[in-house]
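Enquirer: Structure for the following, please:
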Amino acid sequence: MEGEKSAPRDVIVLGPGEGTVVAGSGGTPVVIKVHGDDVAGGGYSFMEMDVAPGPGARPHIHHEADEAFYVVDGELTVVLDGTSIVAPAGSFVLVPRGLRHTFRNQGTRPAKAVFILSPPGFERFFEELAALRQAAPSGQVDFATMRDLGQRFATEFFESWALTARRSRPA
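Expert: Numbers count the residues shown, from 1 in each chain. Sure, this is the predicted structure:
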């Protein structure tokens, strides 16, 4: 309302490498810079990821969140419903909820990207996955465990790395 002041928000300042550091679904480092709980109104989470050359993330669908990628360094190939998009440094890709997608680094050196998810919550997936990996004798979790964990965060993972044209919406 006019004339009313809103409560001051907490300022968050994090330097390079600062935040909650965990391993992503492919084992690559993920730095959770901002949890949804840290943001007034809980509007988004913000993560930074070093993406090693190789197969990348398993194809997945976020059923309740939009995901934005911003490539900071290197190049990612983002596959959206079977269409590959090469995203060099400076590229922005918005993946609306319900769209099957994956990303990978087809280069020879690591790429760096930031990810914003709105609404937040999926950042907790990475924290719980890291705890499961730490508890596992091999340091790895099987696909069924990752799939089940993803379901708790309204995310559907697919075992096959192949991504065919398919659009899915939650029932």
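Enquirer: so what does the biggest helix by length in the chain touch, helix or strand wise?
Expert: Longest helix of the chain, by residue count under DSSP state H: helix 123-135. Packing partners of helix 123-135 (3 or more Cβ pairs under 8 Å, 6 or more residues apart in numbering; DSSP states H and E): strand 20-23, strand 29-34, strand 45-51, helix 143-152. Where you see a C-beta, it was placed from the backbone N, CA and C, and this is true even at glycine.
Enquirer: quick one, which of those is nearest to Q106?
Expert: Set against Q106 and scored by Cβ to Cβ, the helices and strands packed on helix 123-135 come closest in strand 45-51, at 10.3 Å.
Enquirer: Show the subsequent helix or strand relative to that closest one.
Expert: Next along the chain after strand 45-51, taking DSSP states H and E as the criterion, comes strand 60-62.
Enquirer: other SSEs contacting that next one?
Expert: Secondary-structure packing of strand 60-62 (3+ Cβ pairs under 8 Å, 6+ apart): strand 101-104, strand 155-157.
Enquirer: Just send the ones you listed back as JSON lines, with mean neighbour count, distance to E48 and mean pLDDT too.
Expert: As requested, those are exported to JSON lines (neighbours: other Cβ atoms under 10 Å; distance: least, Cβ to Cβ, whole Å; pLDDT from 0 to 100):
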{"stretch": "strand 101-104", "mean neighbour count": "22", "distance to E48": "14", "mean pLDDT": "93"}
{"stretch": "strand 155-157", "mean neighbour count": "19", "distance to E48": "19", "mean pLDDT": "95"}
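Enquirer: lowest-pLDDT helix or strand in this structure?
Expert: Least confident element among the helices and strands of the chain, by mean pLDDT, DSSP states H and E: strand 20-23 (a mean of 86).
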